[in-house]
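Enquirer: Provide a 3D model corresponding to the input given below.
(chains A and B)
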Amino acid sequence: MFSFSVPLGKLVRRVSRLRGGGSALPGLVVEKIDPGFMQRTLSTLPHGVAVVSGTNGKTTTTKMVVELLESQGLKVFTNRTGSNFTRGVAAALLGEVDWRGRLDADIAVLELDEAHAVHFVNRVPPRYSLLLNVLRDQLDRFGEIDKTAQLLQHIASKTTGTVVLNREDPRVARIADTLDGPDVRYFGLDDSLLSTFPNDDELRAGPGSPAPAPVQQKPHADVVLRRVGPDNADFEYDGGTVTTGMKLRGVYNIFNAAAALTLARSICGSGAAAADHATLLTALSQVAPAFGRGESLVVDGLPLDLVLVKNPSGFRLGLKSFPAGGYATMIAINDNYADGRDMSWLWDVDFESLRAEGVDQVTGSRAYDMALRLQYDEVAVGAVNTEIAPALAAFIAAAKDKPKRIFCTYTAMLAIRRELSKITTVEVVS
Amino acid sequence: MTPGTSASKGTIRVLQLYPRDMNIYGDWGNALVLQQRLKWHGYAPELLEYNVGDEFPDEVDIIVGGGGQDSGQLVIQEDLQARAETLRGLAEDGTPMLLICGTYQLFGRFFKTRSGSVIPGIGVLDVETHGTDERLIGNVKVTTAEFGEVLGYENHSGQTTLGPGVAPLGTVPKGTGNNSSDGQEGARYRNIVASYLHGSLLPKNPAIADFLIRAAVERKYGSFTPGGPDDRYAVLAREHAARRPR
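Expert: Numbering: from 1, shown residues only, chains lettered A, B, ... in the order given. The predicted structure follows:
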C-alpha cells in the first residue's frame, strides 16, 4: 500500500531544514497523520531495534554502539541529532527511508530519553536494551530517582532479547531481579575505579560520613573496564584483558565504552558470525566524542574543550576527568526546559577542584546562581554575564595564550557552538 | 573551617539530620551556607551528621533536615520516632531548625499516603500532609513578613495543611506552596522554619540563614554581632530567579 504520509513527511523535513528549524517537527507531522509509520518501518529490520537509555552518556554510548556495529558490516539506522524523543526518531526515520517508506538497514540503535522510551517501547518492543545509569537529572520532570528507575525497568520488561545493565549502579542492576523474559548481561567496573563513580546515594557524602560498603557477590559482567590510561584503556572479556587506544576522554565515557562493547557483543554474538574482536577494538579506539560531550575545538591555535554538564554526578565526573590546571575555565548554566529549571543540583556538586585556578567567566540565564555557588566553595570568579555571546567573546579574548574549557548545560552548549562556528570549525551535526 | 583556627566569637554546632537518606535536590547547600556564613559572621562552625542508628550528639545549636524520596522517608521512619522526644524538646527550647520538604512533613502530625495508610510524624509542628497523585513542580515566590520575598523551587506530591499551632512562612504569588488550595507556603513555629522550597533555599535567601544563625548564637551566647558577608551574587541571583518562568 502506498501511503502519502512518507512523501509528505519528507517534504516537511526539507522545508523545515531549509528554514533552519528543529529536527522534530516533520516527525510530529508524520506521527499525526500516520501513527503506525514508525512501528511499521522498524519492524522490518532483520536485527530489530536496540534502545539506549539512562541519565548520562546516552548520546556518546549510542554513537559507540553504532560505530562498533558498522565495523562488523551491519547497516545501522540511528537518531544522530540527539533529538531523543519519539518524534525525533520518526523525524530521523523520514530522513533515511526511501519515498516508499522502506528503510535500508539491518538494525536500529536508538537513544531514547527515559520518559519517552516508555511510550516508544509500548509501541515498538526492542530486541535489545542498554540501560546506563539512574542519576539526579531533570528531577523536575520525572519527580524522583526511584521513579526514573521504574521507567528503565519498564523498558527492560518490554525487551524481547537481551537487556544490558550497569552492574555498578544499584538501581539499574536491581532491574535484573524483576525480569523473567529477556537475557540479562552486565557491564562492570574494576573496584579500583569505583570511587570515581559516586552513585546517587553516595553523592553527598559529607565530611566524616562512612564509605559505603562494597556490594558483595557481584554478578559476572560480560565486559569489565579494568584500567583507564591517558589515551588507552584495559577491558576484560572472555577471560582475557586487552589494552586498546582511546580517542574518547573522561573515565565515564570510557566506562560507557564497556557498555557499548557489551551490547555490540550481544547483537553480533547472536548471529552465525560472532563478533570479530580485532575490528571491534579498532572501531572503539577511533570513536570521537559526540558533539559537546568532551568535544575539543581549536580557537587561536589552542584547544577549547566543551564539557556538557546536566546533573550533579555528570558535573562531578567532568571536573574530575578534566583537571583545571593550566586551563582557562568558563561555566555556562541555562535553566531552559531542556536543561531543567531547578538549580538545586549545582549545590550537590563540589567545586573545590577549581579553587586554585578560579573561574574566568560565568554565564547563562542562571549565571548568578552559579557565581553564588562558587562563592560558597571559595572559588574566585572573574566575570559574570548572563548573556552568552559577549561572555564567550570576553573569555576567548582574555585567555588568548591558554587552552580553554567550558562546562555548559545543554542549551548553553548549543548557543556556544553557534557562536564558535563563526570563528572556528565546528562540525555540523544533521 | 575547623573550630578554633581563628579568634572566633564562639562555636556553633550545626546538625544535619539524616543526610544519608534525606538529602535530595541540593539539601547540602543549606548546610554549606550555614557553615560558611557562620565563618563570615566570625563564628566557628562545626558540622555534625546524624544518620539512622547513630548516637545523638549532646550539644546541638542548629538542625537542618532535607527532602527525601518516599523510600528514604520509610528508612528513617522508625529511628525518627525513637528520637521524637529529644527533637520535640530541642524545638520547644528554641533550637533553630530548617526543615525542608520530606523532613517538614515528618515533623508534622502525620502523612496520609494516597492508598490511605497513615505514617505518624513526630508532632513538632501542628501540620498534616496528604499524599496526592498531583506533583507540584516549579519555581516559587513567597511573600513573607519576616524574610521579605523568599525564592525557591518546589517538587512534591504531598499536600500540607496547617493547624492553629503554627503560622505559615508566607503566601505564594507564584507557585503552589503547601497545597493547591490555600495559597500558603511553609510553616513557622518558635525558631523553626519549615518549607517545601529547594533551590537550595538558604543560598538565595540569606535572610533566613542569618535568622537561624542569630537565633542559635543568641540562645548560646546571649547576643549576636553580625559580620559582613558579601551578598552581591545572592542579590543578583535573586533578581534573575524571580524573573524565570514557573
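Enquirer: alpha carbons only for contacts and neighbour counts from here, please
Expert: OK.
Enquirer: Could you pull out the helices in chain B for me?
Expert: B:28-40, B:70-82, B:84-92, B:102-106, B:201-204, B:206-221, B:232-243 (DSSP state H).
Enquirer: and the third one, which residues are buried?
Expert: Looking back up the chat, that one is helix B:84-92. Taking 16 or more other Cα atoms under 10 Å in any protein chain shown as the neighbour-count basis, helix B:84-92 is seen to contain the buried residues B:Ala84, B:Leu87, B:Arg88, B:Leu90, B:Ala91.
Enquirer: Relative to chain A, which of those is nearest.
Expert: Distances from chain A to these, taken as Cα to the nearest Cα, are shortest for B:Leu87 (21.8 Å).
Enquirer: quick one: the least confident helix or strand in chain B by mean pLDDT to helix B:84-92, angle?
Expert: Among the secondary structure pieces of chain B, namely its helices and strands, helix B:70-82 has the lowest mean (mean pLDDT, DSSP states H and E), a mean of 87. Here helix B:70-82 points in a direction 90 degrees away from that of helix B:84-92 (axes from the mean of the first three to the mean of the last three Cα atoms, to 10 degrees).
Enquirer: chain center to helix B:70-82, what's the gap?
Expert: Distance of helix B:70-82 from the chain centroid (Cα atoms, centre = their mean, to the nearest Å) equals 17 Å.
Enquirer: just stretch A:40-48 next, same as before
Expert: For stretch A:40-48 - counting by Cα atoms, centre = their mean - the centre lies 24 Å from the chain centre.
Enquirer: Adding distance to B:Ala216 and pLDDT, write the buried residues of helix B:84-92 out as a markdown table.
Expert: Rendered in a markdown table, the data for the buried residues of helix B:84-92 read as follows (distance: Cα to Cα, whole Å; pLDDT from 0 to 100):
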| residue | distance to B:Ala216 | pLDDT |
| --- | --- | --- |
| B:Ala84 | 21 | 97 |
| B:Leu87 | 15 | 97 |
| B:Arg88 | 17 | 97 |
| B:Leu90 | 12 | 98 |
| B:Ala91 | 12 | 98 |
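Enquirer: lowest-confidence stretch among the helices of chain B?
Expert: If you rank those by mean pLDDT, helix B:70-82 sits at the bottom with a mean of 87.
Enquirer: mind listing what's buried in it?
Expert: Going through helix B:70-82 with 16+ other Cα under 10 Å, the ones that come out buried are B:Gly72, B:Gln73, B:Ile76, B:Gln77, B:Leu80.
Enquirer: Can you tell me which of these is closest to chain A?
Expert: Nearest to chain A, judged by Cα to the nearest Cα, of the buried residues of helix B:70-82 is B:Gly72 at 10.2 Å.
Enquirer: Look up the closest residue to the closest one, ignoring the ones flanking it.
Expert: Distance criterion Cα to Cα, 6 or more residues apart in numbering or on different chains; nearest residue to B:Gly72, sequence neighbours excluded, is B:Asp21 at 4.9 Å.
Enquirer: cool, A:Lys400 as well?
Expert: With Cα to Cα, 6+ apart as the measure, A:Asp300 is the residue that lies nearest to A:Lys400, at 6.8 Å, once sequence neighbours are left out.
Enquirer: can you tell me the average pLDDT over the one helix or strand A:Gly95 maps to?
Expert: With elements delineated by DSSP states H and E, A:Gly95 resides in helix A:86-96, which encompasses its position. For helix A:86-96, the mean pLDDT works out to 76.
Enquirer: Packing partners of it?
Expert: helix A:5-18, helix A:25-33, helix A:37-42, strand A:76-78, helix A:114-123 (3 or more Cα pairs under 8 Å, 6 or more residues apart in numbering or on different chains; DSSP states H and E).
Enquirer: Mind doing that once more with 10 Å?
Expert: For helix A:86-96, the contact count by 3 or more Cα pairs under 10 Å, 6 or more residues apart in numbering or on different chains; DSSP states H and E identifies helix A:5-18, helix A:25-33, helix A:37-42, strand A:76-78, strand A:107-111, helix A:114-123 as packing neighbours.
Enquirer: between it and strand A:107-111, how many degrees?
Expert: 140 degrees.
Enquirer: if we can go back for a sec, between the helices of chain B, which one is closest to A:Val134.
Expert: Set against A:Val134 and scored by Cα to Cα, the helices of chain B come closest in helix B:70-82, at 15.3 Å.
Enquirer: contact partners of the closest one?
Expert: The set of residues external to helix B:70-82 that reach it, using Cα atoms under 10 Å, 6 or more residues apart in numbering or on different chains, is A:144, A:146, B:17-18, B:20-24, B:51-54, B:67-69, B:84, B:86-87, B:102-103, B:105-107, B:119-122.
Enquirer: if we go to 6 Å?
Expert: Judged by Cα atoms under 6 Å, 6 or more residues apart in numbering or on different chains, the contacts made with helix B:70-82 from elsewhere in the structure are B:Asp21, B:Met22, B:Val52.
Enquirer: Looking at the residues you listed, state which has the most neighbours.
Expert: Going through the contacts of helix B:70-82 with other Cα atoms under 10 Å in any protein chain shown as the criterion, the one with the most neighbours is B:Met22, at 26 neighbours.
Enquirer: Let me know the pLDDT of the closest residue in space to that one that isn't next to it in sequence.
Expert: Taking Cα to Cα, 6+ apart, and ignoring the residues beside it in sequence, B:Met22 has B:Gly68 as its nearest neighbour in space, at 4.2 Å. Each residue has a pLDDT score; the one for B:Gly68 is 80.
Enquirer: A:Val224 too?
Expert: Model confidence at A:Val224, expressed as pLDDT, equals 96.
Enquirer: Also B:Asn155?
Expert: As summarised for this prediction, B:Asn155 has a pLDDT of 91.
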